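Colleague: Quick one: sequence and predicted model below, then my questions.
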Amino acid sequence: MSSYKRNRSRKSWDIQKLKLRIQDALKAIEPVFLGEEGKDYDRDDMQLKCKAAHAYSQLASKHRKLLELEEIEERLSKLEEQHNT
């Protein structure tokens, strides 16, 4: 692995960047997950749809947790402000 890739993969993201990445991934998965109406799906298509549904569910769960974390951080900073005044 080149040093660029190694350094890039070690960078931590803030909550905003993570939320945006998850939203992008959800948008990319949605067409596979929803499929085309009226189309007959073969076994491979159905397996792909099942994988997409699972990935979508996992990403949505992570996105929800990030939103909760962001809300908790906001509440904590308000409490700290109130305590310091």
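Modeller: That came through fine.

Colleague: Point out the other helices and strands that the longest helix along the chain packs with.
Modeller: Using DSSP state H to assign secondary structure, the helix with the most residues in the chain is helix 43-84. Taking 3 or more CB pairs under 8 Å, 6 or more residues apart in numbering; DSSP states H and E as the contact definition, the neighbouring helices and strands of helix 43-84 are helix 15-34. (Each C-beta comes from the backbone N, C-alpha and C, glycine too.)

Colleague: tell me the angle of the helix it packs on relative to helix 43-84?
Modeller: The directions of helix 15-34 and helix 43-84 differ by 160 degrees, with axes from the mean of the first three to the mean of the last three CA atoms, to 10 degrees as the criterion.

Colleague: List the buried residues in helix 15-34.
Modeller: Residues 18-19, 22, 25-26, 29, 33 are the ones in helix 15-34 that count as buried (16 or more other CB atoms under 10 Å).

Colleague: would you list those in JSON lines and tack on distance to Ser77 and pLDDT?
Modeller: Supplementary listing: the buried residues of helix 15-34 in JSON lines, determined by distance: CB to CB, whole Å; pLDDT from 0 to 100:
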{"residue": "Leu18", "distance to Ser77": "19", "pLDDT": "79"}
{"residue": "Lys19", "distance to Ser77": "18", "pLDDT": "82"}
{"residue": "Ile22", "distance to Ser77": "23", "pLDDT": "84"}
{"residue": "Ala25", "distance to Ser77": "28", "pLDDT": "85"}
{"residue": "Leu26", "distance to Ser77": "28", "pLDDT": "82"}
{"residue": "Ile29", "distance to Ser77": "33", "pLDDT": "81"}
{"residue": "Phe33", "distance to Ser77": "36", "pLDDT": "68"}
